[in-house]
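>>> Quick one, fold the following:
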Amino acid sequence: MVRQSIDSTLSERIRDDKVQSCHDVYLSLLKSLCLHEFPCGFGSWRNSSALRVDTFSAVTLKDYGVDTDQLESLVQLVNDEKSPWKLDCDWSNDALKLRELAVRKPEVITDSFIYKWFKSLRIIDKNVTCIDKGMLKFTNLEELTLSANSIDDINGTCIPKNLQILELYANSLKSLLNLSRGIPPLTHLGVGMNHIDSITPLQSPHWLNLVSLDLSYNRLSDLPTVVSTLSIMELLKTLWLFGNPVYLIPSYRGFLIDNIRSLTSLDDIPITADEKHEYKGIHRYSDRLKNESRLSMSVYWLKGLQPPEEIPEQSSLIYTIIERRYYIEYSFPANHIPLLLMEDTRNTVVQDFIDDSAFECDDLARIVLCKPSHYEPPKTTFLQTHQVEFQEEAMYFSYKEQFAVENLELLRDYLKHGIQINIVEETTMLSPPRSPPSSSVSKERLKSGKGGKSKKEAPPPEKPSKKGKKDAVELIRSKPERVILGGCTMETSEILEGKHSLRLVCHCGGGEYIPGSVSLDPSPPQLDTDKKGKKGKQKPPAGAQSGGKKEKSASKKDKKSSKKDSSPIEDDVQSSVSVPPPPILVLIDVELERWNSINEFRKKLRESQQLSKKLS
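Model prediction:
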């Protein structure tokens, strides 16, 4: 019996919990179909005498009708969604049909028949660690899905010989070398969301029949190697590479389209004839291709920040001036080159990103970013915008910086996890210098006697300046105090999935923020200077000067009367109702540079050559 053979095979194979093969999981799923239990198989629930014979010549028409009605009712128990005997058969398109066959013709259900029956298997999230030779028994299997498991290596000789589609998403694959040995000619291979860093094994002749290939979200960072490997696949029509480090290269799409002429779709975007024409001939510049990405970061405005609290008047702070400056800092990979640094001479503040305690650091080193030196740079740093003064409505930065990043894998992980945004307030105290106590005067008084004058002549009085004003006192600037007023993480994973420009309003604290309630216009409001000049020369209306005092006195009386009319209950209600603070919002734009034609590629190539000469 099939049931006994399955039980014996499971008891022999499932002994080691650490290793679970694909065939073992299949046997457990096959056992869950209950092919020899009600309503399938033979049993007291059906008239077996009428069904075991090959012909119904010895059965009367009445008995045949009763047996047919009984058989259809059993089949309905298998297929009906509300039936308690309806089982989960999502792991194969053929499982439900096999149960129905076990009701109609249970005598054909054998081991060899079942292995020939299945054409598709989907074993997802079952902790499969390997594919054994037991899968070779599926002689007619065409589609095999083993996603979300723990497979780190696959031997191609264990793959069924008639297989056409193989999907291994979200596993632990690091190489395709063993899979390329003895694998049958596939038409589709899906190995996305793994740890593959090289696809050179795909140059084997076994892969020349591939029509679609999914390599998304791996660790491919060398675009010339990827292009040379895939260009030999003349039947390849559909390709997915988004989520890889090579996806961040500006000329990524152009080089793939011009080198793999058979492609019709790249990263779920159809390839048009115009696009092929724009990139025609770019493959001749493969030797000048750099594995480098360019990313621009823009910070436009900050809104919703509350006014700073006033320091109470004290005797020691009478002559103290308090300066408050505000800026935005954001995390960024350390291994990068600022492209606009040659034109813009402002300094960039860098801070190593280690943990939350680093945010409270007061000492911020100002250095000019350049190419990485011999030492290992930190994985992530903090860069900042220029500082602005407080404005109640909005503080506009108009900050933009463009970077060239050579460590593509680090940039990919950075965009995948998001950008940390912080709002920083920097406070500096300016105070006059304190006069030191004069010890020489006390010694001279002791020599001259009580109330005597010093023998030394008094210094001549300082001559006043030509303008008749005293010289300004130089104030001592204290060490700036740095406080983070709010922060958030900007989600940027959409850049890895095809959205090259991302403009978001970051909610960094304060009250509740409703998405879409704030305009995404980055430009500050423009002031109409013509109207201002006209208004300044306007004459006051007649009677304005004479009646000004009366209006003021009337307004004072109105205020006093309103205060008298307001009851103490209303005052208590107004004081108890607290107005929620406005949300603290920052408008930020992140853009991944793309070169959309061969002419643009040539232009950027000349600019990069000029920049490299300046850096050298």
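
>>> so after the worst-scoring helix or strand of the chain on mean pLDDT, what's the next helix or strand?
In the chain, no helix or strand scores lower on mean pLDDT, DSSP states H and E than strand 366-367, which sits at a mean of 26. The element immediately downstream of strand 366-367 (helix or strand, assigned by DSSP states H and E) is strand 380-384.

>>> For the helix or strand just after that following strand, buried residues please.
The C-terminal neighbour of strand 380-384 among helices and strands, as given by DSSP H and E, is strand 394-405. Residues Met395, Tyr396, Phe397, Tyr399, Glu401, Gln402, Phe403, Ala404, Val405 are the ones in strand 394-405 that count as buried (16 or more other Cβ atoms under 10 Å). Every residue, glycine included, has its C-beta placed from N, CA and C.

>>> Including pLDDT and distance to Leu29, could those go into CSV?
Formatted as CSV, the buried residues of strand 394-405 follow (pLDDT from 0 to 100; distance: Cβ to Cβ, whole Å):
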residue, pLDDT, distance to Leu29
Met395, 94, 61
Tyr396, 94, 62
Phe397, 93, 58
Tyr399, 94, 57
Glu401, 92, 55
Gln402, 91, 53
Phe403, 90, 50
Ala404, 87, 51
Val405, 89, 46
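
>>> Closest to His36 out of the residues you listed?
Closest approach to His36 among the buried residues of strand 394-405 (Cβ to Cβ): Val405, at 61.5 Å.

>>> what is that closest one paired to in the beta sheet?
Judged by DSSP bridges, the bridge partners of Val405 are Ser293, His336.

>>> so it makes contact with Ala334?
No - the pair Val405 / Ala334 is not scored as a contact, 9.6 Å apart, by Cβ atoms under 8 Å.

>>> Could you list the low-pLDDT ranges of the stretch 201-350 of the chain?
311-319, 335-350 (pLDDT under 70).

>>> need the helices for it, in chain order.
Remark: helices assigned in the stretch 201-350 of the chain by DSSP state H, counting those that start in this stretch are 223-230, 252-259, 273-278.

>>> closest one to Leu27 among these?
Judging the helices of the stretch 201-350 of the chain by Cβ to Cβ, what sits closest to Leu27 is helix 223-230, at 37.5 Å.

>>> quick one: the closest one to helix 252-259, angle?
If you take axes from the mean of the first three to the mean of the last three Cα atoms, to 10 degrees, helix 223-230 sits at 30 degrees to helix 252-259.

>>> Tell me which residues of helix 223-230 come out buried.
Leu223, Val226, Val227, Thr229, Leu230.

>>> returning to that earlier point: could I get the helices of the stretch 201-350 of the chain as TSV with distance to Gly418?
Shown next, in TSV, are the helices of the stretch 201-350 of the chain (distance: least, Cβ to Cβ, whole Å):
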stretch	distance to Gly418
helix 223-230	25
helix 252-259	22
helix 273-278	31
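
>>> can you tell which of the ones you listed is closest to Val103?
Across the helices of the stretch 201-350 of the chain, Val103 has its closest neighbour in helix 223-230 (48.4 Å, Cβ to Cβ).

>>> contacting residues around stretch 423-431?
Stretch 423-431 is contacted from outside by 302, 305, 308, 319-329, 384, 387, 475-478, 480-487, 508-509, 584, 586, using Cβ atoms under 8 Å, 6 or more residues apart in numbering.

>>> What subset of those residues is buried?
The neighbour count (16+ other Cβ under 10 Å) marks 302, 305, 326-329, 384, 387, 482, 485-487, 508-509, 584, 586 as buried among these.

>>> Identify, from these, the entry nearest to Gln526.
Among the buried ones among the contacts of stretch 423-431, and counting by Cβ to Cβ, the member closest to Gln526 is Leu302, at 19.0 Å.

>>> of all the helices of the stretch 201-350 of the chain, which lies closest to Arg594?
Comparing the helices of the stretch 201-350 of the chain by Cβ to Cβ, helix 252-259 comes nearest, at 7.3 Å.
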